[in-house]
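> below is the structure, and that's it, no one-letter string:
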């Protein structure tokens, strides 16, 4: 499976957040209870540090609707996700600053002030 949304949907259908733990995913082994089992169907099911933003509405066999969200890596995309809790609509919010231009503008202003003195 290469599609991250498909993987997210599969873990929700399976009812387990970390199906390979503790064998392939490092975690503390639990003997009496598995904290990674999804006991109640969530309204929103998300995963972070994904390569791109994706969202999907999924409906289970009982008609319960779940919003699935893949949230991109913030440090590479400068993107977070806003969720309207009334409609469950999602939209990415990208922060964009061009520090190199701002820094060069400040440098130029400093040079102009120095030249006038």
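Received it, and whenever you're ready, just let me know what you need. This structure is a prediction, so every number in the text was calculated from the model and none was measured.

> need the contact list for the residue most central in space within the chain.
Nearest to the mean C-alpha position of the chain, by Cα atoms, centre = their mean, lies residue 71 at 1.9 Å. Shown in contact with residue 71 (Cβ atoms under 8 Å, 6 or more residues apart in numbering): 46-50, 53, 80-81. Quick note: C-beta positions are derived from backbone N, CA and C, even for glycine.

> check which helix or strand covers it.
strand 65-72 (DSSP states H and E).

> report the rounded mean pLDDT for that strand.
Taken as a whole, strand 65-72 has an average pLDDT of 98.

> show me which residues of it are buried.
By neighbour count with 16 or more other Cβ atoms under 10 Å, strand 65-72 contains the buried residues 66-72.

> and for stretch 48-61?
50, 53-55, 58.

> returning to that earlier point: partner strands of the strand holding residue 71, with direction?
strand 44-50 (parallel), strand 54-59 (antiparallel) (DSSP bridges).

> do you know how far the closest residue to residue 81 other than its chain neighbours is from residue 61?
Nearest non-adjacent residue to residue 81, counting by Cβ to Cβ, 6 or more residues apart in numbering: residue 71, 5.1 Å away. Residue 71 sits 27 Å away from residue 61, going by Cβ to Cβ, to the nearest Å.

> over to residue 23?
In terms of Cβ to Cβ, residue 23 sits 29 Å off from residue 61.

> can I get the buried residues of stretch 48-61 in JSON lines with distance to residue 93?
Shown next, in JSON lines, are these (distance: Cβ to Cβ, whole Å):
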{"residue": "50", "distance to residue 93": "15"}
{"residue": "53", "distance to residue 93": "10"}
{"residue": "54", "distance to residue 93": "15"}
{"residue": "55", "distance to residue 93": "13"}
{"residue": "58", "distance to residue 93": "23"}
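
> go through those residues and say which is closest to residue 38.
Set against residue 38, the nearest of those by Cβ to Cβ is residue 58 (13.0 Å).
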